[in-house]
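Q: need the 3D shape of this:
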Amino acid sequence: MARDSQDRYPFQYPQDDDIVVQKDLTGLWSLDLKGKVIGVVETSGESFHRFDRYLNFSKPLISKTFSPRACGWVFGMNIFDLTERRKQNITEVYHKWQNLDGGYQFQILG
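A: From the prediction side, this is the model:
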């Protein structure tokens, strides 16, 4: 089936939902993310992408830091500014939250 799809379509499905684009994407290099680390396709209109679906707002640190209506990580095309990521020290921020949430109290599991 994979070989058949490669012959028929100008894109490929290597695995899962990923698509390999076979087109010049050079313009993405000059995209201005205005100081943001990640640019994603807007899908926050869907309720399952909002923070209240997977963050535990009964925890005071979560409820005072985040908005339950804010949009979280979404699927689709993601563009990262790695220079800005380093500048904002995102790895350290991630580790800080990981350490604060030692028992997975901040997440709604399931």
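Q: low pLDDT regions in the chain?
A: 1-20, 42-48, 73-76, 109-110 (pLDDT under 70).
Q: would you map the strands across it?
A: 38-40, 78-80 (DSSP state E).
Q: show me what the last one is packed against.
A: What it means is strand 78-80. Other helices and strands packing on strand 78-80, by 3 or more C-beta pairs under 8 Å, 6 or more residues apart in numbering; DSSP states H and E, are strand 38-40. Where you see a C-beta, it was placed from the backbone N, CA and C, and this is true even at glycine.
Q: quick one on the thing from earlier: of all the strands of the chain, which one is nearest Ala70?
A: strand 38-40 (12.9 Å; C-beta to C-beta).
Q: can you list the strands that the closest one pairs with?
A: strand 78-80 (antiparallel) (DSSP bridges).
Q: about what we covered before: of all the strands of the chain, which one is nearest Asp24?
A: Comparing those by C-beta to C-beta, strand 78-80 comes nearest, at 15.4 Å.
Q: same question for the closest one: list its buried residues.
A: When neighbours are counted by 16 or more other C-beta atoms under 10 Å, no buried residue of strand 78-80 is found.
Q: pull the residues that contact it.
A: Contacts to strand 78-80, defined as C-beta atoms under 8 Å, 6 or more residues apart in numbering, come from residues Leu28, Leu31, Leu33, Val37, Ile38, Gly39, Val40.
Q: re the thing from before, any chance of the strands of the chain in a markdown table, plus distance to Tyr54?
A: Listed next are these as a markdown table, based on distance: least, C-beta to C-beta, whole Å:
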| stretch | distance to Tyr54 |
| --- | --- |
| strand 38-40 | 16 |
| strand 78-80 | 18 |
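Q: of all those strands, which one comes closest to Val93?
A: strand 38-40 (12.9 Å).
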